[in-house]
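Participant: Turn this into a model:
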Amino acid sequence: MENLIIPFKSILPVAPPPSPPPLPQPPKQDTPLQFTSRPFIALSGKTHPRTADAHLNYLCNKGHLGEAVAVLDYVGQSGLKVRPNTYANLVESCIAENSIRLGRKVHAMVDLVESLPPFVETKLVGMYSKCGCLEDARKVFDGMRERNLYTWSAMIGAYSREKRWREVVEMFYLMVEEGVMPDGFLFPKILQACGNAGDVRTGRLIHSIVIRSGMYSYKRVRNTVLAVYAKCGELNSARRLFDSMEQKDTVTWNSLISGYCQKGEIEEAYRLFNAMQEEGIEPGLVTWNVLIASYSQMGNYDVAMELMKKMESQGVVPDVFTWTSLISGFGQNNRRSQALDLFREMLMVGIEPNGVTITSAISACASLKALNRGKEVHSVAIKMGLGDNVLVGNSLIDMYSKCEEVEAARWVFDVIKHKDAFSWNSMIKGYFNAGYCGKAHELFLTMQESDVRPNVITWNVMISGYMQNGDDDQAIVLFQRMEKDGKMRHNTASWNSLVAGYAQNGQKDKALGIFRQMQSLHVPLNSVTVLSVLPSCTNLIAVNKVKEIHGCVVRRDLESVLSVANALIDTYAKSGNIEYSRRLFDRVTLKDIITWNSMIGGYIWHGCHRSALDLYDLMRQFGLKPNRGTLVSILNAYSLAGLVEEGKRVFSTITEQHLIVPALEHYAAMVELYGRAGRLGEAVEFVENMPLEPDFSIWLALISACRIHKNIAPAVLAAERLLELEVGNHSIYQLLLQTFGLYGQSEHAVKLKRLEKDPLASKSLGESWVIRENKVYRFVADRSAPYFEHLHSWLQEIEEKVRQFESYDRLCIEDEEKEESGRIHSEKLAIAFALAGEYRAPQTIRIMKNLRMCEDCHRTAKYVTLSHGCEIYLSDSKCLHHFKDGVCSCGDYW
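Facilitator: Numbers count the residues shown, from 1 in each chain. Now for the predicted structure:
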């Protein structure tokens with residue numbers, strides 16, 4: 001096609017475009033092939049042919065198509081012929097009746113036409129296409145001996161109605177190869193196909209043809225050329241063409257405004273919108289809808305709503321497209337409650353929703369898990385006759401599944417007449433989400449026997465379903481069967497299901513192993529892969545793995561994906577590299593609230609309260625509003641800084657200023673704020689007056705404050721509540737044992753003896769992991785640990801110096817038993833292992849521990865950093881400790 005030479009005839013068609021073909025009528029029932037009592041003209045070989053034509057035309061005009069076909073058959077049996085116009089009239093009647101059955105009968109008798117002209121075959125092409133038989137239309141077209149402009153127009157029009165844009169463009173090249181040139185009516189159809197197919201090359205070719213042929217003077221042709229450039233993102237070409245046009249109508253302006261909106265240049269689109277009005281052209285409904293849809297999809301809700309109000313004030317009534325754009329945009333941008341409010345308002349003003357509106361509203365209900373509102377929308381769908389619509393039904397299955405109404409979801413599934421793969425996949429996923437793995441597998445087997453065969457998404461749903469229910473063995477079996485039995489190649493999503501599943505089940509090493517296998521097999525990674533594997537690296541000993549994954553991100557050009565950048569910022573911070581986290585943050589050009597929260601949260605994790613507060617001030621300067629997560633981090637920042645009054649002020653604004661209902665994490669941060677400042681009385685009073693039931697985190701924050709500030713009475717209260725909430729939690733038993741032992745009151749003596757006999761209180765297994773020479777080593781508080789004697793000797797050498805270095809005056813309430821009988825806590829062994837021996841002592845030591853570290857180990861780490869000139873990053877179950885020059889980032893409060 002690149003070297004195609006357009007064969008021009010001596011005279012190019014420049015006649016005014018012909019009238020468009022009549023619109024197809026609604027389908028009617030086929031007229032039965034039977035005779036009635038109406039007069040029938042007997043035909044014979046001596047009958048004048050025109051008599052048969054007259055009778056056939058009479059029957060067609062009166063709507064008696066079935067009888068007309070019977071007469072045509074009788075004409076053939078009598079050896080007569082019919083005129084082309086009569087036959088064309090019969091074909092046209094088949095189109096009007098939308099009867100493909102009678103149309104095929106008429107086509108079978110095409111030999112009865114006198115000297116078959118092209119226009120009759122063109123009529124047949126139109127009949128098949130308009131009755132929904134496009135392939136038959138193409139067969140008739142390909143079999144024609146002679147094809148003229150009208151024939152090509154019929155075939156191109158057929159493809160256009162079916163939105164088969166590529167085929168339209170191909171037909172254009174075929175027709176010009178045969179020496180037939182489109183006219184002013186056909187060129188706009190072909191140009192429309194170019195725009196929708198993104199074929200700007202063909203659009204440019206046609207642009208040059210219409211200029212040379214003189215058809216560029218037609219307004220419709222000019223506008224469709226402009227629309228091609230705009231739809232294909234060639235805005236410079238579109239703008240030059242637009243500026244060169246002396247006469248512009250609403251369609252002209254709409255094309256360019258749509259192009260800028262599509263490219264995301266919404267401000268320029270709005271400027272054109274205003275310029276359009278300044279030139280005296282009033283925006284029509286389409287213009288308003290284009291702008292409203294664009295602002296809504298981009299999350300500029302206020303502007304979108306303001307535009308709709310302005311639209312109404314200028315006398316333009318919003319239609320279903322206007323409302324649907326707003327509802328869909330709000331729903332996709334986490335404003336789902338407002339989307340449902342708009343849906344209700346739309347019904348109240350009398351606008352009837354369409355399938356897309358209903359689907360958008362149901363999706364919003366699914367995300368909110370708003371079952372009652374979902375049922376309301378479902379009832380609207382049924383009243384509109386959309387109850388068995390496949391798109392609406394698929395959304396309903398998803399909604400009911402997410403609202404844990406799996407039986408209702410199955411009812412909807414059974415109602416859908418023409419199920420597609422999405423219907424089956426949604427129902428299977430719904431069963432997995434409800435924990436019904438057996439029913440999911442049963443439906444999967446049923447699908448294999450149905451008309452809709454499982455696709456790659458089905459297999460992936462099965463794999464991820466078993467993973468999320470903890471059955472990774474069955475997931476692996478399905479993964480292996482997928483190619484062998486299902487004849488489906490694994491795609492990236494298949495591998496992602498395994499990575500995400502292992503990560504969610506706490507099997508981080510297996511998740512990383514699958515990720516490395518993907519790399520070795522050259523499976524293309526995507527943003528979901530990265531987001532699935534990064535949670536396995538949010539610890540201090542995985543810093544090298546984070547760098548490895550980041551390298552893959554750069555090679556795959558995924559760093560510009562905002563969700564990936566946000567995850568990297570968060571992961572680098574949690575793996576101990578706050579400096580690189582900030583560098584990544586500064587490189588992100590379009591930050592969202594998650595970007596800011598990730599960085600602020602990272603600073604809190606590292607104890608950098610000043611940096612967190614400065615970043616929060618910068619965020620507000622950019623006009624971003626804090627969300628729940630932001631406010632938790634700011635409360636923690638004021639807690640670290642000891643600024644109680646500022647923290648109280650922020651807490652009071654959560655509801656008053658930010659219109660957010662405080663959650664348990666906000667209350668826990670407030671208890672931490674009071675406790676760190678030693679204001680235990682206020683902390684206890686705050687907990688007692690909470691409108692929510694305190695959870696584990698709140699009582700743990702209170703007991704930590706009591707331990708630091710030596711107040712035993714609230715500690716006992718907190719310990720008892722913790723035992724009620726976490727029955728069977730080994731660490732809680734240790735806290736209770738120590739708390740009751742310290743309290744020494746007679747009423748707790750019985751409880752203390754009972755706890756001492758409980759098997760859960762027997763011992764706690766502290767574990768630590770340290771990285772050295774790119775290898776990870778595990779230590780436990782056990783004399784049988786590797787290198788124990790050597791490490792014990794090294795620790796004994798510094799033991800006295802550590803005691804002289806610092807002492808703590810606080811209640812001894814720890815997650816782990818004291819070091820006695822030669823036992824040494826695992827983090828001490830890890831520190832000794834990193835520094836003792838023939839290896840060169842590292843400048844930075846990274847350790848991860850499963851329990852909260854004790855006071856003695858904390859003091860040892862502080863001393864070692866001062867005496868050995870190193871830094872220690874140690875994350876325990878409470879926080880991150882960054883030891884440097886004898887000081888810890890936690891401020892000795894943990």
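Participant: ok so S768 is a strand residue?
Facilitator: Yes - S768: assigned to a strand according to DSSP: H, G, I helix; E, B strand; the rest coil.
Participant: wait, it sits on I845?
Facilitator: No - assessed by CB atoms under 8 Å, S768 is found out of contact with I845, at 11.2 Å. In this view, the C-beta of every residue, glycine as well, is placed from N, C-alpha and C.
Participant: between the two, what contacts are shared?
Facilitator: Both S768 and I845 are contacted by A830, under the criterion CB atoms under 8 Å, 6 or more residues apart in numbering.
Participant: chain center to the host helix or strand of Q338: distance?
Facilitator: Per DSSP states H and E: Q338 is located in helix 336-348. Helix 336-348 has its C-alpha centroid displaced from the chain centroid by 22 Å (CA atoms, centre = their mean, to the nearest Å).
Participant: Against which helices or strands is that helix packed?
Facilitator: Under the contact criterion of 3 or more CB pairs under 8 Å, 6 or more residues apart in numbering; DSSP states H and E, helix 336-348 touches helix 320-332, helix 355-368, helix 371-383.
Participant: Quick one: mean pLDDT for the first one?
Facilitator: Going back to what we said before, that points to helix 320-332. Averaging pLDDT along helix 320-332 gives 92.
Participant: Could you do stretch 880-887 as well?
Facilitator: 94.
Participant: give the contact list for T151.
Facilitator: Counting by CB under 8 Å, 6+ apart, T151 touches 118, 121-122, 125, 141, 144.
Participant: out of those, which are inside helices?
Facilitator: Members of these lying in helices (criterion: DSSP state H): 118, 121-122, 125, 141.
Participant: ok, and the most crowded of the residues you listed?
Facilitator: Within the ones in helices among the contacts of T151, most neighbours by other CB atoms under 10 Å means V125, with 27 neighbours.
Participant: Okay, that residue and C131: tell me how far apart.
Facilitator: Distance, V125 to C131, using CB to CB, to the nearest Å: 11 Å.
Participant: gap between the residue nearest to M346 when sequence neighbours are not counted and F788?
Facilitator: Distance criterion CB to CB, 6 or more residues apart in numbering; nearest residue to M346, sequence neighbours excluded, is W323 at 4.3 Å. From W323 across to F788, the span is 72 Å (CB to CB).
Participant: cool, and F185?
Facilitator: Distance of F185 to F788, given as CB to CB: 91 Å.
Participant: between W323 and F788, which one's more packed in?
Facilitator: Higher neighbour count among W323 and F788: W323, with 24 against 16, using other CB under 10 Å.
Participant: just to revisit the earlier point, give the contact list for the residue nearest to M346.
Facilitator: 342-343, 346, 351, 353, 357.
Participant: do the same with V546
Facilitator: By CB under 8 Å, 6+ apart, the neighbours of V546 are 534, 537, 568, 571-572, 575, 577.
Participant: Figure out the helix or strand that it lives in.
Facilitator: Assignment of secondary structure by DSSP H and E places V546 within helix 543-555.
Participant: cool, and L702?
Facilitator: Using DSSP H and E, L702 maps to helix 696-709.
Participant: Just the C-alphas of that helix, formatted as CSV.
Facilitator: Extracted C-alpha coordinates of helix 696-709, given in CSV (Å, rounded to 0.1, in the frame of the first residue of the first chain):
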residue,chain,number,x,y,z
PHE,A,696,-5.0,-4.1,70.4
SER,A,697,-2.9,-1.2,69.1
ILE,A,698,-4.5,1.3,71.6
TRP,A,699,-3.9,-0.9,74.7
LEU,A,700,-0.4,-1.7,73.5
ALA,A,701,0.4,2.0,73.1
LEU,A,702,-0.9,2.6,76.7
ILE,A,703,1.2,-0.3,78.2
SER,A,704,4.3,1.1,76.4
ALA,A,705,3.7,4.5,78.0
CYS,A,706,3.3,2.9,81.4
ARG,A,707,6.5,1.0,81.0
ILE,A,708,8.5,4.1,80.1
HIS,A,709,7.0,6.3,82.8
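Participant: Which secondary structure elements does that helix sit against?
Facilitator: helix 664-676, helix 680-688, helix 712-725.
Participant: of all the ones you listed, which lies closest to G233?
Facilitator: helix 664-676 (44.3 Å; CB to CB).
Participant: now T151: how far from E682?
Facilitator: Distance, T151 to E682, using CB to CB: 88 Å.
Participant: Ok, Q621 next?
Facilitator: For Q621, the distance to E682 - CB to CB - is 33 Å.
Participant: more neighbours, those two?
Facilitator: Using other CB under 10 Å, the more surrounded residue of Q621 and E682 is E682, with 17 against 8.
Participant: pretty sure the more buried one is in contact with R676, am I right?
Facilitator: No - in this structure E682 lies outside contact range of R676 using CB under 8 Å: 11.9 Å.
Participant: Can you give me the neighbour number for the nearest residue to G233 once chain neighbours are set aside?
Facilitator: What sits nearest to G233 in space, not counting adjacent residues and going by CB to CB, 6+ apart, is K263, at 5.7 Å. Counted by other CB under 10 Å, the residues lying close to K263 total 14.
Participant: so K263 touches L235, yeah?
Facilitator: Yes - with contact defined as CB under 8 Å, K263 counts as touching L235 (6.1 Å).
Participant: Report all helices and strands that the top helix by length along the chain contacts.
Facilitator: Using DSSP H to define each element, the chain has its longest helix at helix 788-805. Where contact means 3+ CB pairs under 8 Å, 6+ apart, helix 788-805 is packed against helix 826-835, helix 855-868.
Participant: what about it, distance to the chain center?
Facilitator: Distance, stretch centre to chain centre, for helix 788-805: 55 Å (CA atoms, centre = their mean).
Participant: where in the stretch 451-600 of the chain is pLDDT low?
Facilitator: Nowhere does the stretch 451-600 of the chain drop to pLDDT under 70.
Participant: how about a cut-off of 80?
Facilitator: Within the stretch 451-600 of the chain, the stretches with pLDDT under 80 are 486.
Participant: now do the stretch 201-350 of the chain
Facilitator: Applying pLDDT under 80 to the stretch 201-350 of the chain picks out residues 299.
Participant: Find the residue at the geometric middle of this protein.
Facilitator: Residue closest to the average C-alpha location in the chain (CA atoms, centre = their mean): Q332, at 8.6 Å.
Participant: Enumerate every residue touching the residue nearest to that one when sequence neighbours are not counted.
Facilitator: Closest residue in space to Q332, ignoring its immediate chain neighbours: Q297 at 7.0 Å, by CB to CB, 6+ apart. Q297 makes contacts with 325, 328-329, 332-333, as judged by CB under 8 Å, 6+ apart.
Participant: And these, which of them are buried?
Facilitator: Burial of those was assessed by neighbour count (16 or more other CB atoms under 10 Å); the buried members are 325, 328-329, 332-333.
Participant: Can you tell me which of the residues you listed is nearest M482?
Facilitator: Nearest to M482 among the buried ones among the contacts of Q297: Q332, at 31.3 Å, using CB to CB.
Participant: still on that earlier bit, including distance to M690, could the helices and strands packed on helix 336-348 go into CSV?
Facilitator: Formatted as CSV, the helices and strands packed on helix 336-348 follow (distance: least, CB to CB, whole Å):
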stretch, distance to M690
helix 320-332, 33
helix 355-368, 26
helix 371-383, 28
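Participant: Tell me how far the nearest residue to V120 once chain neighbours are set aside lies from A108.
Facilitator: Nearest residue to V120, sequence neighbours excluded (CB to CB, 6+ apart): P84, at 5.1 Å. Distance check for P84 against A108: by CB to CB, it reads 17 Å.
Participant: Neighbour count for the two, which is higher?
Facilitator: For P84 versus A108, neighbours defined as other CB under 10 Å are more numerous around P84 (17 against 12).
Participant: if I look at the more buried one, how far off is E345?
Facilitator: Applying CB to CB to P84 and E345 gives a distance of 57 Å.
Participant: try K231
Facilitator: Counting by CB to CB, the gap between K231 and E345 amounts to 32 Å.
Participant: before we move on, back to that, ok, of the contacts of W323, which one's closest to E306?
Facilitator: L342 (14.1 Å).
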